[in-house]
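> quick one, structure for this:
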Amino acid sequence: MLFSISFNQSHQSSLSHNNRENIYGNPGIDPSRLDENIYFVQKDIRSVYKDVFQEAVDKYNEKQKRNDRKIQDYYDKIHKNEKTHEQRELVVAVGEGKDDPKYREAKKEALKQYAEAFQGRNPNLAVYNMVLHDDEANPHLHINYVPHFESSRGLTRRVGMDRALQQQGVQGKGTELIANWRQLETAYIEQLVKEHIPNFERANVGSHKYMKVRQYKE
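All right, here's what the predicted structure looks like:
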């Protein structure tokens, strides 16, 4: 059975959509299946920032002799910085909505296993919201996270995707780095899918041709 694996990240996110706080205006959602969704993590992003960065911020501020150089709120500082994104969202799916429905539960179970393994596999990507949607045409996973890394100068814990991945052992820089991370994660997802669908074969959609969100919702 031939399925693609989609693995798309973005700086944009809608937690109200992900957490189903408002389902109006979205005809793709089946209200009768809302109970099929799985909510793994639901934290306030500010609390995650405090958990991850506050110790480093306090130590940094202790060394500052001028109050105007102290960091009052690291989340606000990053949120207002046009060059840095305070969070990212990853959307993961196996196949598309048009696939044979007999594989739906198997795909969902593989995504559930990936969700449960994600934080352990990616210790530098602090998850603050994670939900598996099973109320649309195809099961898919939304993972919101804060990428962080250790720095030897200044603030010793900072936000940043590239160095977060590099410190996890992913090789490369820029787009190559992201591509290598994607390959590692999708290979693991493929392994999980094969546990539930033994005849699974991964469709090759090209190195730069990734499924758009609408393709696995339709």
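> switch to C-alpha atoms for all contacts and neighbour counts from now on
Will do.
> what's opposite I143 in the beta bridge?
L90, M130 (DSSP bridges).
> that one reaches N129, doesn't it?
Yes. Contact criterion Cα atoms under 8 Å: I143 and N129 qualify, at 6.0 Å.
> just give the nearest non-adjacent residue to H148, would you?
Among residues not flanking H148 along the chain, V159 sits closest, at 4.4 Å (Cα to Cα, 6 or more residues apart in numbering).
> I should have written H133 there, sorry.
N37 (4.9 Å).
> can you check I197 too?
Leaving aside its chain neighbours, I197 sits nearest to A106 (6.7 Å; criterion: Cα to Cα, 6+ apart).
> near the one you found, how many other residues are there?
Number of residues near A106 (other Cα atoms under 10 Å) recorded here: 19.
> does it lie in a helix or a strand, and which?
helix 104-121 (DSSP states H and E).
> what are the buried residues along that helix?
R104, A106, K107, K108, E109, A110, L111, K112, Y114, A115, F118 (16 or more other Cα atoms under 10 Å).
> with pLDDT and distance to K173 added, can I get these in JSON lines?
Formatted as JSON lines, these follow (pLDDT from 0 to 100; distance: Cα to Cα, whole Å):
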{"residue": "R104", "pLDDT": "96", "distance to K173": "36"}
{"residue": "A106", "pLDDT": "97", "distance to K173": "35"}
{"residue": "K107", "pLDDT": "97", "distance to K173": "32"}
{"residue": "K108", "pLDDT": "98", "distance to K173": "32"}
{"residue": "E109", "pLDDT": "98", "distance to K173": "33"}
{"residue": "A110", "pLDDT": "98", "distance to K173": "29"}
{"residue": "L111", "pLDDT": "98", "distance to K173": "28"}
{"residue": "K112", "pLDDT": "99", "distance to K173": "30"}
{"residue": "Y114", "pLDDT": "99", "distance to K173": "25"}
{"residue": "A115", "pLDDT": "99", "distance to K173": "26"}
{"residue": "F118", "pLDDT": "99", "distance to K173": "22"}
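> now the strands for the protein?
Using DSSP state E, the strands assigned to the chain run over residues 2-3, 5-10, 38-42, 88-94, 125-133, 140-150, 157-159, 201-202.
> this completes my enquiry, with thanks.
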